[in-house]
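Participant: Give the three-dimensional model of this entry:
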Amino acid sequence: MPSQTHPKLRVAAVQAAPVFLDLDATIDKTIRLMKEAADIGVKLIAFPETWIPGYPWWIWLNSPAMGMQYVQRYNDNSLVVGSAEFNRLGQAARELGIWLCVGYSERAAGSLYIAQALFDDRGNVVKTRRKLKPTHVERTVFGEGDGSDLAVMQTAIGNVGMLACWEHLQPLSKYAMYAQNEQIHIGAWPSFSVYRGAANALGAEVNNALSLVYAVEGQCFVIAPCGAVSAEMHEQLCTDDLQRQLLLPGGGFARIYGPDGTSLGETLPETAEGLVIADIDLGMISLSKAAADPTGHYARPDVTRLLLNKTPGDRVVSYVMPGMEVTDALPAGAPGNAG
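Facilitator: So this is what the prediction gives:
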């Protein structure tokens, strides 16, 4: 009987700054980086949190009233799932023959969400998801996801899952992902640029440690793309000396980790743009699983277990009472009905 084979592939984590608050230009840059990756044999490329159209750093620098000046522009340049701009990404994935995971601000009706999308190498949408709970001041901009967003997809390149930023600080959400036999995890980060030295929990040391621990706990490969703050972004966002101290240029710390916690690929200086590249072999996962599988042989479900509600969080659910007939026509005499 032939032995089971495991996918081997080259992956890339993007470290770069978007064309801030410019949807079309950032998609152009996305496609350029995809082509750069495809040209060197990369099969899966992952982009940072809210890469399109950039992370709203102003929420950490001043009051919500000050941030109102960005609201309309940020909304207008956020990505709508299924739009022509969204479909450009799928078309590029198909033309280049590359899998794409991209982070973006999703506009849906009147609300925004921190979102991620996975496209296969034929340009098909494998999964879109939203961050379950925006962090701290992010809640002044973004809405929440639901249990259907904690999903691992079985694909031709392995079992792939996605989370954003401090979702990696949520033990129960992580466990829900591990339990779905995740093999490749894309953990997207916005950049580690704010409050450096003043609040270490927001810095690279803690947050890269979260990615590393995720790899070891979940016995999976973690691709951790990370954004950066460009000089242009810094000048645009910082209007006084205090803000210039709070938000620093750079902050790019993209990483890739193996299931044993090994750092893979050559890392970049934090102000540099480029790709962290690694060749991964999913067969390595069995070596880590043999030692400790927290949702398998190393679990104690008789002592602790997790309840995961994957029901989509629809805001409006339409229904009719049994026996009631519903038509689109307005009743006679109703406002707007001349009959």
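Participant: what about Trp166, how many residues close to it?
Facilitator: 19 (other CB atoms under 10 Å). (Glycine included, C-beta is placed from N, CA and C.)
Participant: Now do the same contact list for Arg73.
Facilitator: Leu21 (CB atoms under 8 Å, 6 or more residues apart in numbering).
Participant: can you give me the helices for the stretch 51-200 of the chain?
Facilitator: 64-76, 84-96, 171-178 (DSSP state H, counting those that start in this stretch).
Participant: Let me know which of these is tucked in deepest.
Facilitator: Counting by mean count of other CB atoms under 10 Å, helix 171-178 has the highest mean neighbour count of those, with a mean of 19.
Participant: Now do it: which elements does it pack against?
Facilitator: Applying 3 or more CB pairs under 8 Å, 6 or more residues apart in numbering; DSSP states H and E, one finds that helix 171-178 contacts strand 158-164, helix 204-218.
Participant: Contacts only, for Trp60.
Facilitator: Trp60 makes contact with 137, 194-195, 246-247, according to CB under 8 Å, 6+ apart.
Participant: Quick check: chain neighbours aside, which residue is closest to Lys289?
Facilitator: Gln219 (5.0 Å; CB to CB, 6 or more residues apart in numbering).
Participant: on that earlier part again, now the helices and strands packed on helix 171-178 as JSON lines including mean neighbour count?
Facilitator: Formatted as JSON lines, these follow (neighbours: other CB atoms under 10 Å):
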{"stretch": "strand 158-164", "mean neighbour count": "25"}
{"stretch": "helix 204-218", "mean neighbour count": "20"}
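Participant: among these, which is nearest Ala108?
Facilitator: strand 158-164 (16.3 Å; CB to CB).
Participant: sorry, back to before: now the residue nearest to Lys289: how far from Trp57?
Facilitator: Gln219 sits 34 Å away from Trp57, going by CB to CB, to the nearest Å.
Participant: Let's have the helices and strands packed on helix 171-178 in TSV, adding distance to Val14 and mean pLDDT.
Facilitator: Shown next, in TSV, are these (distance: least, CB to CB, whole Å; pLDDT from 0 to 100):
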stretch	distance to Val14	mean pLDDT
strand 158-164	14	98
helix 204-218	14	97
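Participant: For Asp314, find the nearest of the ones you listed.
Facilitator: Of these, nearest to Asp314 by CB to CB is strand 158-164, at 21.4 Å.
Participant: Output that closest one in PDB, but only the C-alpha positions, please.
Facilitator: Taking Å, rounded to 0.1, in the frame of the first residue of the first chain, the C-alpha atoms of strand 158-164 are listed here in PDB:
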ATOM      1  CA  GLY A 158      -3.300  21.500   3.100                       C
ATOM      2  CA  ASN A 159      -5.700  22.500   5.900                       C
ATOM      3  CA  VAL A 160      -5.600  26.300   5.900                       C
ATOM      4  CA  GLY A 161      -6.800  28.700   8.600                       C
ATOM      5  CA  MET A 162      -6.700  32.500   9.200                       C
ATOM      6  CA  LEU A 163      -6.700  34.800  12.200                       C
ATOM      7  CA  ALA A 164      -5.800  38.500  12.600                       C
END
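Participant: ok, back up a step: what about the contacts of Trp60, which one has the most neighbours?
Facilitator: Leu247 (22 neighbours).
Participant: beta partners of that residue?
Facilitator: Here Leu247 sits in beta bridges with Val194, going by DSSP bridges.
Participant: ok, it touching Pro190?
Facilitator: No - counting by CB atoms under 8 Å, Leu247 sits too far from Pro190 to count as a contact (11.6 Å).
Participant: mind listing what's buried in stretch 57-64?
Facilitator: Of the residues in stretch 57-64, 57-61 count as buried by neighbour count, 16 or more other CB atoms under 10 Å.
Participant: Which one of these is nearest to Pro312?
Facilitator: Ile59 (27.2 Å).
Participant: and the closest one, how far is that from Met66?
Facilitator: Remark: distance between Ile59 and Met66 (CB to CB) = 10 Å.
Participant: between the biggest helix by length in the chain and helix 64-76, how many degrees?
Facilitator: Secondary structure of the chain per DSSP state H: the longest helix is helix 23-39. Interaxial angle, helix 23-39 versus helix 64-76 (axes from the mean of the first three to the mean of the last three CA atoms, to 10 degrees): 60 degrees.
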